[in-house]
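Trainee: Model the following, please.
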Amino acid sequence: MQKSMETTASRGVIVPVLGAPGGTVENRRNLEIKEGFPDTAISVENVRKVYPQGSVGIEGISFTVAKGEIFGLLGPNGAGKSTLIRLICGLIQPTSGRTLIGGVDPHRSPRKVKALLCGLLQGAPVEPNMRVLETLRLFSKFYEHPLDPDRLLDIVGLSDQRMSFLRTLSGGQRQRLAIARALVGNPQTLVLDEPTTGLDVAIRHELMTLVRRLRGEGRTVLISTHYIEEAEQVCDRVAILCRGRLFAVETPEALVRRYGEGDSLEVALSKRLPREKLMAVPGVLGVREVSEGTNGALYRLTGHSAEHMLQQTVLALFSTDIRLQQARVIRSGLEGAYLQLTGERISS
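Mentor: As a prediction, this is how the structure comes out:
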């Protein structure tokens, strides 16, 4: 059974850990992180990943994560988040560049890294006929200094389900158990790959509250997400990813201040309209054609007031045979900053 568990770990589902976290730390939103700084938990140094068929998964990404920080990877599906996490965990080799966990290269010293970091990747398997407590006790056997499984179930809110079979758990309960499974080895650094995908808002909120608690215990959390509100509300700093490229690394507040000026309005029209016609609409300061197809065209308008732009766009189309099929307002928050940086929006 032990051999089977190690095989599962080597495939990148759960990376076991042997270390123990440090003491509590303060919120590090304003901490400047430098390469080689003692408080650095994760370093990503000019990492590039090219697949055998020639497609580029990651293009020259560099950033650092401080100890005791919640660091977010924000981007849509296909942005390269999961590839980057697998590179950080040492589960796949970069084409060039390197990643360091606490100053240790995961490819040169995998055993040392496994004493520092645990990664919970998407699609972690479960045995449906095992019980919740039984599962955690089994995983705890593979660590030198594991956390107490009963205490972990209290932390993740599964005490009442400790004797339940895994097949009877809800989606949210399974995800809480998956996080407990990742925590049972008492890691210094926890890597979570889109842990709230497919869960309802209430359960997502509960899991993010748990992530904050982990930070309060002095643990470092790297979390990938395509939910704007998660990155904005939970993360100390955010890395903006799109199409395998890194566009910015800042606190959410700094990103909004620097790139979130003005509102955006997306309008889907039944027919293509020349850009100059939309630029002539009162209140519109910029126009970008996002897509064009047989069913019409999608445009992104920028200006100071989305409501004013929408009203004036409707008036401008009134005397034409072009219909407004759909409109979407993007406020000047982190979503607006992401849009300004990448030219794309994230679809949840």
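Trainee: only C-alpha atoms for contact and neighbour calcs from this point on.
Mentor: Fine.
Trainee: got the contact list for stretch 188-200?
Mentor: 19-22, 41, 67, 81-82, 85, 116-122, 171-172, 175, 182-183, 203-204, 207, 218-226 (CA atoms under 8 Å, 6 or more residues apart in numbering).
Trainee: Now the buried members of those.
Mentor: Burial by neighbour count, judged by 16 or more other CA atoms under 10 Å, picks out 19-21, 41, 67, 81-82, 85, 116-121, 172, 175, 182-183, 203-204, 207, 218-226 from those.
Trainee: Low-confidence ranges, the stretch 101-250 of the chain, go.
Mentor: 123-125 (pLDDT under 70).
Trainee: One more pass at 90, please.
Mentor: 110-128, 139-147, 152, 154-157, 170-176, 178-188, 194-211, 213-218, 227-230, 232-233 (pLDDT under 90).
Trainee: how close does residue 310 sit to residue 275?
Mentor: According to CA to CA, to the nearest Å, residue 310 and residue 275 sit 16 Å apart.
Trainee: Looking at these two, which has the bigger crowd around it?
Mentor: When residue 310 and residue 275 are compared on other CA atoms under 10 Å, the one with more neighbours turns out to be residue 310, at 23 against 13.
Trainee: Roughly how far does that one sit from residue 220?
Mentor: 43 Å.
Trainee: Please apply the same query to residue 68.
Mentor: 4 Å.
Trainee: next one: phi and psi at residue 237?
Mentor: phi -140, psi 160 (degrees, to the nearest 10).
Trainee: Equivalent analysis for residue 269, please.
Mentor: According to degrees, to the nearest 10, residue 269 has phi -110, psi 150.
Trainee: got the contact list for it?
Mentor: Contacts of residue 269 (CA under 8 Å, 6+ apart): 296, 297, 298, 322, 323, 324, 325, 326.
Trainee: list the contacts for the first one?
Mentor: Right, residue 296. Residue 296 sits in contact with 268, 269, 270, 271, 272, where contact means CA under 8 Å, 6+ apart.
Trainee: Going along the chain, name the strands of the stretch 51-200 of the chain.
Mentor: Shown for the stretch 51-200 of the chain, the strands assigned by DSSP state E, counting those that start in this stretch span residues 56-66, 70-74, 96-101, 117-120, 189-193.
Trainee: for the ones you listed, which one sits closest to residue 345?
Mentor: Closest approach to residue 345 among these (CA to CA): strand 70-74, 11.3 Å.
Trainee: The stretch 151-300 of the chain: helices as residue ranges?
Mentor: Counting by DSSP state H, counting those that start in this stretch, the stretch 151-300 of the chain has helices at residues 171-183, 201-216, 228-234, 252-259, 275-279.
Trainee: Tell me the bridge partners for the residue nearest the centre of the chain.
Mentor: Centroid-nearest residue in the chain, with CA atoms, centre = their mean: residue 224, separated by 1.6 Å. Counting by DSSP bridges, residue 224 is bridged to residue 73, residue 193.
Trainee: Please apply the same query to residue 263.
Mentor: Here residue 263, judged by DSSP bridges, has bridge partners residue 303.
Trainee: Just give me the neighbour total for it.
Mentor: 19.
Trainee: how near is it to residue 303?
Mentor: In terms of CA to CA, residue 263 sits 6 Å off from residue 303.
Trainee: Phi and psi next, for residue 91.
Mentor: According to degrees, to the nearest 10, residue 91 has phi -90, psi -20.
Trainee: Name the nearest residue to residue 342, sequence neighbours excluded.
Mentor: residue 242 (6.7 Å; CA to CA, 6 or more residues apart in numbering).
Trainee: count of neighbours near that neighbour?
Mentor: Neighbours of residue 242 (other CA under 10 Å): 24.
Trainee: sec struct for residue 312, please.
Mentor: Following DSSP: H, G, I helix; E, B strand; the rest coil, residue 312 is assigned to helix.
Trainee: burial measure for it, as a count.
Mentor: Residue 312 - counted by other CA under 10 Å - has 18 other residues nearby.
Trainee: Give me the distance between the residue nearest to residue 208 when sequence neighbours are not counted and residue 255.
Mentor: Closest residue to residue 208 apart from its sequence neighbours, by CA to CA, 6+ apart: residue 234 at 6.9 Å. Using CA to CA, residue 234 is found at 14 Å from residue 255.
Trainee: Which one's more surrounded, these two?
Mentor: A direct count of neighbours by other CA under 10 Å for residue 234 and residue 255 places residue 255 higher, at 24 against 19.
Trainee: on that earlier part again, for the contacts of residue 296, give me TSV that also has distance to residue 51 and pLDDT.
Mentor: Listed next are the contacts of residue 296 as TSV, based on distance: CA to CA, whole Å; pLDDT from 0 to 100:
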residue	distance to residue 51	pLDDT
268	36	93
269	38	94
270	39	92
271	39	90
272	37	89
